[in-house]
Every structure is written in C-alpha cells, then in structure tokens.
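> 3D, please:
(chains A and B)
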Number of protein chains: 2
Amino acid sequence: MTGPATTVTTVPDTAPADVDAVVAAAAAAARPWRSTAWDDRAHALERVADALDAHADRLVALAAEETHLLEGRLRGELTRTTFQLRFFAGVVRTGRHAGAAVDHADAAWPMGVPRPDLRRHVRALGPVVVFAASNFPFAFSVAGGDTASALAAGCPVVVKAHPGHPRLSSATADLVHDALSGAGAPEGVFALIHGTDAGRQALLHPAVRAASFTGSIAGGRALFDLAAARPQPIPFYGELGSTNPVVVTPAAGAARPGDIADGFVAAVTGSAGQLCTKPGLLFVPEHAPLLDALAGARLAATHPLLNERIDRGFRDGLARLRRVEEVEVLSAADDGDAVLLGVDAAVFARQVDVLGEECFGPASLVVRYRDEAEVVRLLASLPGQLTTSVFAEAEEASTPYVRELVDVAAERAGRVLWNQWPTGLSVTWAQQHGGPYPATTDPRSTSVGASAIDRFLRPVAFQGLPDALLPGELRDEPVPPAAARLVDGS
Amino acid sequence: MTGPATTVTTVPDTAPADVDAVVAAAAAAARPWRSTAWDDRAHALERVADALDAHADRLVALAAEETHLLEGRLRGELTRTTFQLRFFAGVVRTGRHAGAAVDHADAAWPMGVPRPDLRRHVRALGPVVVFAASNFPFAFSVAGGDTASALAAGCPVVVKAHPGHPRLSSATADLVHDALSGAGAPEGVFALIHGTDAGRQALLHPAVRAASFTGSIAGGRALFDLAAARPQPIPFYGELGSTNPVVVTPAAGAARPGDIADGFVAAVTGSAGQLCTKPGLLFVPEHAPLLDALAGARLAATHPLLNERIDRGFRDGLARLRRVEEVEVLSAADDGDAVLLGVDAAVFARQVDVLGEECFGPASLVVRYRDEAEVVRLLASLPGQLTTSVFAEAEEASTPYVRELVDVAAERAGRVLWNQWPTGLSVTWAQQHGGPYPATTDPRSTSVGASAIDRFLRPVAFQGLPDALLPGELRDEPVPPAAARLVDGS
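Presented below is the predicted three-dimensional model:
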C-alpha cells in the first residue's frame, strides 16, 4: 500500500440559499411522491437502476479514479446497487411495507367498551437527508441503500455527498435525477448537496423528517446529537463503528487452521480492509495450530486507501493499538501496512477500551484466549457490533458452550454468522445490518435488506372513516386487491 | 370544581443504592425472561391481570382517594388495563411480534453473489424504565400499557411511580410482583421505584436499554434529552402533548349543532378534561348555529383535578389563553373552571404559538373560521398531534375539500377520526396512539395497541446457523409449529 496519490477534484460547497431551496423543493415533492401509486414508485426505482447500468463503464472509471478501489470490486458493487434499487421496487409492489391492518367495529370487544372501526397503515415520514459514505461509492452513497429505501418508502431524498468521490457523486446524482424525472416523479424528490456545513444545515431544516449516515463514530455521533437537539427531534439512523469479532473454537482451530487463516486474511485485506464488516478481532485458542498459520500468513500489499483522511485515521489507529506494549506483529505485508497483530486475552481484557476500538483499514487483532469462559466474558465486554461470527465444528452445535457463545453474540450484534466471514452482505428479505450502539444509533433498524424501508415510515390509524376517504389498501375492497393486510388480528 | 382537597401521602424516594440494585436485578432477569417460552410469558401476564381483577375494589378505592377521579371511570379503566394485559398475552401467543423471516440460500440470487441462508427474528432490548402517568392511574401507570407491552416483549421493567398516586402504585406493584413470581417469572423482572432523582438515575444506568414516558412536554423533553445524551443513547418513547383538533364542516355544523355541541362538552369535561386525547381545539364555521349551541352549552362543575401541580398548570394555561385580548368566554361551569373559550381564526393564526398549546384540564378553545382554505391552512400550521377529527356529512366524503382535510390531518396526527370524538382509545391490533413531535418523541411508535410491543424489540439475523442453534421460530421445523413467518419473501 502506498499513500493516496491522486488529488481529488473538489466541488464547491452548496451555498446556504441553495440548501434551503433544495429542502423546500423536497418538502413540496413530499406529498405527490408519497401519493404516487406503489407500482409507479417501483417503476421509477427501476428506471434509476437502468440508468446506472447503462452508464456502468463511465461510473466505474470515475469511482476507481476517486477512491482507488479496484475495478472488479467496483463493478460488483454497482451490480449490487442496481439490484438493490430493483429489490426495493419489488418490496413496494408487495405492499407488505404498508403494514395494513383492519379492525372492524366490534360491539362485544372484551375491553368493556365497543371497538370502533380502526384501520392502520404507514405513511412516508417526509424529506430525508442521506449522508453518503466514502467506502462504498455506489452501495452506500448517492444511489445506495438509504436512498433506495427512502425513495421506496415515498420520501424525497437530499443526499449530502461524501467529499471522497465528488465527481462520481455528481455524475450519479444527474443520472438519478433524470431517471426519476423521466419516470414522472415530482421535481424536488431527489437532490445532491456538497459540504459539511450544507449537510448540517439540511439536517437542522424544520422540513426534514429523518436522516441516515454511514461513517465514523465521531462524525456520526455529532450528527446524531444535532438531530436529537432539534426543536422537533427526528429519527437519525447512523451506522458508526464495529470490530466484528470472530470466535474460533479449539476444535475448529485444530481442524481447519489453513482454511481459517486464509479466509481471515482475505476478509481483513479485501478492499484494503475498508469495510464496516471487516473482522477486526479474532479470538483464537492459545497453542492452536491456527496461530502458526496466522503467523505464517502472507499478506499482499494493498491498494491505496480511499483518501488522505482515511489513510491518516488508519495509521493513527494502528499506532494506538501498538502503543500497548504487549501487542506484537504476527504477520505483515512487505510494505508493512496490511498487518495482523496479536495479544493475550488477559491484556485485551485490561485494555478493552483501546484494543476493542475499530481500526478502519487492513489490520486486525488476534486475541489468544485460554479457555471457554474467558472468551465468553470478553465477547460480553465488547460494545455493540454489526456482526459476530463463530467458527466451530458441526458437532459442537449442541454443546452448552457454543449455545452460550451464540446467545452472547446475538446479545451484542445485529447479525450472527456460523463458519462464515462477515464481509459479504446480501440484500434480502431477512437481512439485518445494524446493532447496538456504537454499531448504530438505532438498534431497531437495518440499513440493508427489505426492512430498511421501515425506517422512513410512520403509522396512522383511521377511525370510522368512509371507504372513499381511506388509503386504498385499507378499504373494504382494497386497492390494489392483493395488498397484504392483517384483518381482525389474523 | 374545587381545588384538590386531600393531602397525598408521600412515599420515601428510592435511595441511589436501591435504584442500582433494582436495575442490576432487572439486568440479571433479562436473559431468563427473554428466553421464557411465549406461552409461559403470556401466562404470566394473564396472572397479573387476574391479580388486579381480584383486588379491584381495594385498588379502585385507593385510586379514587389519590386522584379524585370518579369510581365509574376508574372501574372502566381497570377493566381496560386487565384486558390489555390479556390482549398482549394473546399478541405474544401468535408469535407475530417475532417478525420471523427465513431466506434460504440461493445460488442464483440476482445480486451477483449467491445468497447465504439468512434468518431474522426480533429479540427483547433489555431492561426498560417506564415513567408512569398521573392521569390514568391504571392504564398508563404501574401495570399499564407500557409495562404490559415491555413484559410481553421479554423485557424486565422498572416503573418510576408517579407521585400523584404513590400508595396505589405500591399496592399495584406488589400484586404485579407476586403474580409474576407465582407464574415462575425470574426475580427482578419487575420493580417499582419512587422519586424524580431515582427515575433519572435509572434512565442513565448503562444496563437500561429503553424508556417510556407519558406526561408533559417539559418533563418528557428533559428525559428525552438525557436518554439521547447517554454515552450509549437509548430509545425513549415519550408521549408529551397534543391539542387534538376537531374540524366541523359548515354542512355538519348546520345539520347537527346540538349533537356536536353536546358531544364536545362531554369530551372536554369528562375526567375533568385530564385526557391526552381531550379535544383542545374546535374549528367551527362562523355564523353557524353550532356557535349558538356552544354558547348555550351548560357545563357542569367538574371534580377536583388530579393533584396540585396539575391544578396549578391548568390555571396557568387558562390564564395564558385569556391573556390574548380577543379570546372570550363562550360558556363556563358555575364555578367558572370548566370553560369553553372562543376566538376568530385570524387571531388564532397570528398567535398560534400561544393559542395552539395544550391546556391540560377541562377547557377548550373554539376557533371560528371563515372558509375552507383557512381551516386547512390552520390545521397544517399546528404542531404534531395524537389525533385529529373531522365532523362532516356523509355526502361530503367525496369532496376535494374533505379529502384535503383528511390528508392534512393524517400528515400531522397519529389517528384520524370521522364524526367521532378522540377521547375513547380502544386497545386493538390496528390502534395507533402516537404522532409527530410534540405528540410523541418517536412518531414511528404507538403506546397503545398490539404494535406497542415493537418498541422494545430489535432484529437479529442469523447467517448459516445449524437448526439446533436457531431460535425456535426460525428452524426448518419451527417451534412452535404455528409461528407466523415470512419465507423467501412470501
């Protein structure tokens, strides 16, 4: 790895008056976009995906230039991004997101008072500010998961561009804007702004109803605090930091040392370790052959990091870990940057505040534990996580120890994996990408998968309304007829 | 109405060391309670309901003494409260709250990367602090909706007693505690604490994972701010303030002046106006016969308010409204306390900050509007509401004006009613008791109805886990077999 070479072209910050205009336009678009039929909204998302696919070569070239990420990775990420837009189109078409529930009037309702006719659905919150991430210039940026799910929910979106890829951001935004317009979406439903102050101004604008963020703990917490301190506080979905611990049982460490070491090195160095799901902690039994395999692992030099700030942060993080005297280098790339560190569990336990903190980039800490009780205790002492993984042998699945490990893992994380590395992140119905603080600022939410749409919706109940005034999915003859709903509790 | 007569017996504040012990016990109970089978958890809730029913006479007498509320109202409230506990038992038994979703592995998943086996359910957040309300000593207090839904979710509960009914709180807590113990629930799963400082201490305890509150904007916002400023912020569900506007169309005002006036007076003065859903604003066409009916309405003297603080707050609120020169008295009870005030819409529009604020107690403001556009504009200018009601004639349901009214109402409120007063609040599957700030601090949540349980749950996804390690409802052979789940998106 060498330091970032190219100088990033800067794009001027959006002026305060322009931020105001953008948010005002988003507010004006809120009602027509929310009222757009599910099928038309889905169609608009598909047109955005088509536009990005049609310009894949140009977008990938721009992304490679601005982020140093490799072309293969970027192409895969763009495929994932357009899949995600189409996936949310599918989510909206099912109508399941609407959470429609119909309770007919019931004079004999055992509450002691007759039950009125009550019908509930969810409604778009209103304009959402999306703070784009640096490390996924497609999937967590301008047209990424937050934008897709907020638009799918019926919310206008104002994206605050990440300064790490400003030209890609602008190019993507132009395509998104034109595709939405072409599909008949209201003007103002999508916009891009640049600059830290512009982002803060948008977040504090009274017309904004929610915000999402992917990035550092410090940056995310500062924005969370601003959102919470508004005269009208708004939901803030921040994905901040996670070390994604991986526990290897003695049996697994003995049976598969080579496979586990290879998989670990690949997970730590892929995309130069710049993934929110990179395994930053590996708990390994001491005296295991796995330790030899890790010490002998060959780490290839990685490509330059995303930008100077990330590069500096990585070097600072590494220095912080290495300041702990007992931490040693197990293995390193020739240029010394990609690195596996090692430490005893007893030292880790004493300095968990320092050693348990995320170091974003191609490094990870291997923690040698003595016994089962120790690793359970350590896992329980960690802060909230996006993921926790257990590598164990199949026959261990029924042991009390492994059951305990999985329960403690689920207590601290949003996703628990079995003999798999956490770096892959599939976009599916059941996916959960979130977790207790500081993994996210809202453990009830996910930023990936079908449920991501729920972040931008709120319920409204209608009591005694005539059919003509009800949202389509709540009518006695529902529109569309196939809308998923819960009727009288069934 | 005369001022509160009885002196409330005070109960000593819980000492800091005792608060710590209570929260530590709740934390220790979190895992066994979360792991309790749905059916056993449901059974425990039903035992609590049975215990309250069995002691109804004693509880109602205590409540009447401490709150001045009338016996009939209190009996109805207790019925509602025990119904609610049984209702949540039923919710848990369906398993629908678990949000189980199973995505089988799919090598051909169109994301470009094979889909792993992913299975998601929700998991109890952990210990919850419930700040009890003064105005519903049963339904929103010690064994009220927040406690019922948090226990149903699998969370231990620490209730901070409202100082307005300390002896009832203690008596209720003893019954709840014993019933839970008798049903085999773990020790520590439920406790009561007293005192403002004790409540704050519990809210800030690192083991606490969520909190709920029903009360004033000032009190709720202060606690919300504390919860958000914690090193690990937690969800805070505050139900704060709402004026619950009611709009009467010219046609309805002309057709049913007597009925509407009578219903309005009953809604404003029932329980001496101490309901979070009391209609505090009535928008009426000027020159309507309804205005004469309101001016001629006979308001009975009400019973004393809940406590001295509420009484003082009511008098201050009334004085605030009457300081606006153009506000006049339309009608008042003989003792001058229950009162309907009147003002022109133009004045209201100019002073919406003062006149649109909640005045908790037996008073309401009648706003005379000139035309349809004016009332839509006023409604849109109000802050977030728990409810908004429209009184109109059946044939108006298809008019653009009424459609617009209902849409603006849904934009600002959590529940929209048609020709019904908002004071009744049924506990059902589709109920939504919430709304944009300041009605609540979290517009995505409800404190009444089946979905109230969702506030205390967070999702966890399991990737590639063997059946033996999965929660029952996620297994290939689900336990219980009837658990509601979403399989591969259907």
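> residues in contact with residue A:251?
Applying Cβ atoms under 8 Å, 6 or more residues apart in numbering or on different chains, we find residue A:251 in contact with A:392, A:393, A:395, A:396. Yep, even glycine has a C-beta here, placed from its N, CA and C like the rest.
> distance of the first one relative to chain B?
Between residue A:392 and chain B the distance, using Cβ to the nearest Cβ, to the nearest Å, works out to 9 Å.
> thought that residue was touching residue A:252?
Yes. If you go by Cβ atoms under 8 Å, residue A:392 and residue A:252 touch, sitting 5.1 Å apart.
> which residues are common contacts for those two?
By Cβ under 8 Å, 6+ apart, residue A:392 and residue A:252 have these common neighbours: residue A:419.
> returning to what we had before: mind picking the two most distant members of the contacts of residue A:251?
Spatial extent of those (Cβ to Cβ) is set by the pair A:392 and A:395 at 8.9 Å.
> can you give me the helices for the stretch 251-400 of chain A?
All helices of the stretch 251-400 of chain A, identified by DSSP state H, counting those that start in this stretch, fall at A:257-269, A:289-295, A:308-322, A:345-350, A:352-355, A:372-381, A:400-412.
> residue A:142 is nearest to which of the ones you listed?
Evaluated over those, closeness to residue A:142 peaks at helix A:308-322, with 18.7 Å, by Cβ to Cβ.
> any buried residues in that closest one, and which?
Buried residues in helix A:308-322, counted by 16 or more other Cβ atoms under 10 Å in any protein chain shown: A:310, A:311, A:313, A:314, A:317, A:318, A:321.
> least confident secondary structure element in chain A?
Ranking every helix and strand in chain A by mean pLDDT, DSSP states H and E puts strand A:485-487 at the bottom, with a mean of 87.
> mind listing the strands that strand pairs with, and their directions?
For strand A:485-487, the paired strands and their directions (DSSP bridges) read strand A:100-103 (parallel).
> which other helices and strands contact the helix or strand that the strand it pairs with is followed by?
Stepping forward along the backbone from strand A:100-103, the first helix or strand reached (DSSP states H and E) is strand A:118-124. Here strand A:118-124 touches helix A:16-35, strand A:100-103, strand A:457-463, going by 3 or more Cβ pairs under 8 Å, 6 or more residues apart in numbering or on different chains; DSSP states H and E.
> do the helix or strand following strand A:118-124 and chain B come into contact?
Counting by DSSP H and E, the next helix or strand C-terminal to strand A:118-124 is strand A:128-131. No. Strand A:128-131 does not reach chain B (Cβ under 8 Å from any Cβ of the partner chain); its nearest approach is 13.2 Å.
> give me the residues contacting the next helix or strand after strand A:128-131.
Later in the chain than strand A:128-131, the nearest helix or strand by DSSP H and E is helix A:145-153. Residues from elsewhere that reach helix A:145-153 (Cβ under 8 Å, 6+ apart): A:33, A:41-42, A:44-45, A:84-85, A:87-89, A:91-92, A:97, A:124-125, A:128, A:130, A:139-140, A:157, A:159, A:176, A:180, A:189-190, A:210, A:212, A:214, A:237, A:427, A:447-448, A:452-453, A:455-457.
> what do you get if the cut-off is 7 Å, keeping everything else the same?
For helix A:145-153, contacts defined as Cβ atoms under 7 Å, 6 or more residues apart in numbering or on different chains pick out A:41, A:45, A:84-85, A:88, A:91-92, A:124, A:128, A:130, A:139, A:157, A:159, A:212, A:447-448, A:452-453, A:455-457.
> picking that back up, most neighbours of all the contacts of residue A:251, which one?
Highest neighbour count within the contacts of residue A:251: residue A:392, with 24 neighbours (other Cβ atoms under 10 Å in any protein chain shown).
> pull the number of nearby residues for residue A:324.
Residue A:324 has 16 nearby residues by other Cβ under 10 Å.
> one step back: in helices only, show me the contacts of helix A:145-153.
Members of those lying in helices (criterion: DSSP state H): A:41, A:45, A:84, A:85, A:88, A:91, A:92.
> and the gap between residue A:338 and chain B?
Distance, residue A:338 to chain B, using Cβ to the nearest Cβ: 23 Å.
> skip the chain neighbours and tell me the closest residue to that residue.
Nearest in space to residue A:338, with sequence neighbours left out and distances taken as Cβ to Cβ, 6 or more residues apart in numbering or on different chains, is residue A:362 at 3.9 Å.
> and for residue A:82?
Spatial nearest neighbour of residue A:82, excluding adjacent residues (Cβ to Cβ, 6+ apart): residue A:49 at 3.9 Å.
> dump the residue contacts of the nearest residue to residue A:101 once chain neighbours are set aside.
Using Cβ to Cβ, 6+ apart and skipping residues adjacent in sequence, the residue nearest residue A:101 is residue B:430, 3.9 Å away. Listed by Cβ under 7 Å, 6+ apart, the contact set of residue B:430 reads A:101, A:102, A:103, A:118, A:119, A:120, A:461, B:449.
> pick out the most distant pair among those residues.
Farthest pair in these, by Cβ to Cβ: A:102 and B:449, 13.1 Å.
> for residue A:195, see how far away residue A:134 is.
Taking Cβ to Cβ, to the nearest Å as the measure, residue A:134 and residue A:195 are separated by 15 Å.
> which of those two has more neighbours?
Between residue A:134 and residue A:195, counted using other Cβ under 10 Å, the more crowded position is residue A:134 (23 against 20).
> my guess is that one contacts residue A:166, does it?
No. Judged on Cβ atoms under 7 Å, residue A:134 makes no contact with residue A:166 at a distance of 11.0 Å.
> near chain B, which residues of the stretch 251-400 of chain A?
Contact residues (Cβ under 7 Å from any Cβ of the partner chain) of the stretch 251-400 of chain A with chain B: A:394, A:397, A:398.
> by neighbours, which of these wins?
Highest neighbour count within these, by other Cβ under 10 Å: residue A:397, with 18 neighbours.
> and the residue lying closest to residue A:380 once chain neighbours are set aside, what is it in contact with?
Nearest residue to residue A:380, sequence neighbours excluded (Cβ to Cβ, 6+ apart): residue A:408, at 5.2 Å. Counting by Cβ under 7 Å, 6+ apart, residue A:408 makes contact with A:376, A:379, A:380.
> picking up where we left off before, farthest-apart pair in the ones in helices among the contacts of helix A:145-153, please.
The span of the ones in helices among the contacts of helix A:145-153, defined through Cβ to Cβ, is set by A:41 and A:84 at 15.1 Å.
> re the thing from before, the residue nearest to residue A:82 contacts residue A:86, doesn't it?
Yes. Between residue A:49 and residue A:86 there is a contact under Cβ under 7 Å: 5.1 Å.
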